[in-house]
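> here's a sequence, model it:
(one chain, ligands or ions: 1)
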Amino acid sequence: MMLYHDVVSMFPCTSLVSRSFHRQVDQMMFWTASSRNLTCFAPITNAMQMQQRLLSSFSGGGSKKKVLAGSKKKRTQSSTKWTQRHEKDPYVKRARAQGSPSRAIFKLEELEIMATSFMKQKMKKKRSRNDGNKSQQIRTDFFLPQSTVLDLGAAPGGWTKYVAEKRLNSNGGLLISVDLLQLDDRTVMAIERDADAPDFHFIQGDFTTDGIKTEILDLLSMSNRNGVQVIISDMAENFSGDSLTDALKTLNLCEDALMLAAGSSCFDEQYVSGSNREEDGILKHGGTFLCKYFACGQENEKDLKEAINRHFEFSTSLKPKASRKESAELFLFASGYRGNKSM
Ligand SMILES: C[S@@+](CC[C@H](N)C(=O)[O-])C[C@H]1O[C@@H](n2cnc3c(N)ncnc32)[C@H](O)[C@@H]1O
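Here you go, the predicted structure:
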């Protein structure tokens with residue numbers, strides 16, 4: 001059986017293969033969905049048929065029937081273990097007690113504290129290097145009450161709940177949440193009933209598709225915004241059972257999120273944000289970006305970090321306590337976006 005990383009390792013520049021491969025996979029998405037309608041379509045071009053053959057070889061498809069994640073018995077045992085661990089998890093218990101749709105809310109809460117302390121340290125160093133030059137002010141707060149925030153991979157809604165109820169206010173705050181899946185109904189109703197909550201919109205669909213990107217841009221322009229101050233992504237696809245495949249897929253979502261933030265050329269090493277070149281990213285100058293990834297030591301991870309270093313003043317990887325120790329899950333935090341100076 002050929003796995004995704006087997007194919008990727010056959011190419012000298014793995015990150016490029018991965019990106020272009022996924023880009024083409026994106027193009028063959030069989031459906032797009034929005035909060036109002038669901039459209040199905042099946043592209044039937046030769047290129048896509050080729051991609052489908054490739055995809056089935058990655059997932060163990062093709063002429064011989066393959067099982068990726070072990071026997072049914074093994075999977076049943078591991079899902080029972082997962083349920084037992086989940087039920088004992090103190091963060092799950094806390095989330096239930098406070099009516100939060102997921103334990104992820106505690107990760108964001110911690111990430112905000114960690115990121116703020118990281119920024120304070122960086123600013124302190126920067127100030128001492130600049131001999132107290134006050135013009136070098138960069139914000140250290142993760143969220144400001146009147147910011148515009150884009151929450152990618154929002155369902156069931158832990159991060160959305162945290163940002164809407166605790167971080168933005170009704171006086172200028174705007175929160176746009178996007179996910180393939182629906183948000184938890186009670187969370188949405190609570191935000192809608194809360195007079196102090198920011199202007200809130202949920203878009204259901206794949207954020208990498210042009211349709212959903214257009215919906216995001218339309219919402220921004222209807223709200224008289226030309227960009228967003230903060231992009232947070234907790235996106236991950238359903239786990240396949242192969243940790244490297246899952247890590248690469250999640251990195252690919254991070255790459256897409258970064259391209260939405262910093263523009264489609266942001267992985268081009270020659271391109272520097274803030275140059276005179278026209279930019280098509282939606283992150284405002286000085287803005288903040290956070291994305292979840294799984295450490296795997298592959299070229300894609302290095303590429304993502306390098307791109308982030310080129311486009312942001314500060315960046316670091318963070319591991320909150322609420323993220324399980326045994327998981328390779330990490331969060332890349334970046335602040336002080338160098339591009340979109342005119343926004
Ligand atoms: C770990 S969950 C997010 C949990 C959420 N942050 C919370 O606090 O409840 C990951 C989410 O990413 C979403 N996702 C994965 N790929 C996506 C895509 N291309 N576009 C939009 N959402 C996506 C999944 O549907 C899933 O709901």
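> partners of the longest strand seen in the chain, with directions?
In terms of residue count, the longest strand belonging to the chain (DSSP state E) is strand 283-294. Next to strand 283-294 in the sheet, as set by DSSP bridges, lie strand 228-233 (parallel), strand 329-337 (antiparallel).
> can you list the weak-confidence ranges in the stretch 51-200 of the chain?
51-75, 78, 131-138 (pLDDT under 70).
> outside of stretch 102-111, which residues touch it?
With contact meaning CB atoms under 8 Å, 6 or more residues apart in numbering, stretch 102-111 is reached by 89, 91-92, 94-95, 142, 156-159, 161-163, 232, 234, 290, 318, 320-323, 331, 333. Yep, even glycine has a C-beta here, placed from its N, CA and C like the rest.
> related to what we said a few turns ago, go through the strands paired with strand 283-294 and pick out the most buried.
Mean neighbour count (mean count of other CB atoms under 10 Å) peaks for strand 228-233 among those, with a mean of 26.
> tell me how far residue 169 lies from the ligand.
Between residue 169 and the ligand the distance is 20 Å, computed by CB to the nearest ligand atom, to the nearest Å.
> equivalent analysis for residue 288, please.
As judged by CB to the nearest ligand atom, residue 288 and the ligand stand 16 Å apart.
> over to residue 296?
17 Å.
> verify the stated contact: that residue with residue 244.
Yes: at 5.7 Å, residue 296 counts as touching residue 244 under the criterion of CB atoms under 8 Å.
> residue 319 reaches residue 328, doesn't it?
No: using CB under 8 Å, residue 319 is not in contact with residue 328, being 9.7 Å away.
> alpha carbons of the helix or strand harbouring residue 79, as PDB, please.
In the assignment (DSSP states H and E), residue 79 maps to helix 72-88. Only the C-alpha atoms of helix 72-88 are listed here, as PDB (Å, rounded to 0.1, in the frame of the first residue of the first chain):
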ATOM      1  CA  LYS A  72     -12.000  -3.700  13.100                       C
ATOM      2  CA  LYS A  73     -11.400  -5.300  16.500                       C
ATOM      3  CA  LYS A  74      -8.300  -3.100  17.100                       C
ATOM      4  CA  ARG A  75     -10.300   0.000  16.100                       C
ATOM      5  CA  THR A  76     -13.100  -0.900  18.400                       C
ATOM      6  CA  GLN A  77     -10.600  -1.300  21.200                       C
ATOM      7  CA  SER A  78      -9.000   2.000  20.500                       C
ATOM      8  CA  SER A  79     -12.300   3.800  20.300                       C
ATOM      9  CA  THR A  80     -13.400   2.300  23.600                       C
ATOM     10  CA  LYS A  81     -10.100   3.500  25.100                       C
ATOM     11  CA  TRP A  82     -10.600   6.900  23.600                       C
ATOM     12  CA  THR A  83     -14.100   7.100  25.200                       C
ATOM     13  CA  GLN A  84     -12.800   6.000  28.600                       C
ATOM     14  CA  ARG A  85     -10.000   8.600  28.500                       C
ATOM     15  CA  HIS A  86     -12.400  11.300  27.300                       C
ATOM     16  CA  GLU A  87     -14.900  10.600  30.100                       C
ATOM     17  CA  LYS A  88     -12.100  10.900  32.700                       C
END
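> so where do the strands sit in the stretch 51-200 of the chain?
148-152, 174-179, 199-204 (DSSP state E, counting those that start in this stretch).
> distance from the helix holding residue 79 to the middle of the chain?
Offset of helix 72-88 from its chain centre (CA atoms, centre = their mean, to the nearest Å): 27 Å.
> residue ranges for the helices of the stretch 201-343 of the chain, please.
Secondary structure of the stretch 201-343 of the chain (DSSP state H, counting those that start in this stretch): helices located at 210-222, 243-262, 299-311.
> could you dump these to a markdown table with mean neighbour count and distance to residue 271?
Formatted as a markdown table, the helices of the stretch 201-343 of the chain follow (neighbours: other CB atoms under 10 Å; distance: least, CB to CB, whole Å):
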| stretch | mean neighbour count | distance to residue 271 |
| --- | --- | --- |
| helix 210-222 | 15 | 20 |
| helix 243-262 | 23 | 9 |
| helix 299-311 | 19 | 8 |
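> any chance of the ones you listed in JSON lines, plus mean pLDDT and distance to the ligand?
As requested, those are arranged in JSON lines below (pLDDT from 0 to 100; distance: least, CB to the nearest ligand atom, whole Å):
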{"stretch": "helix 210-222", "mean pLDDT": "97", "distance to the ligand": "7"}
{"stretch": "helix 243-262", "mean pLDDT": "97", "distance to the ligand": "6"}
{"stretch": "helix 299-311", "mean pLDDT": "96", "distance to the ligand": "16"}
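> much appreciated, bye for now.
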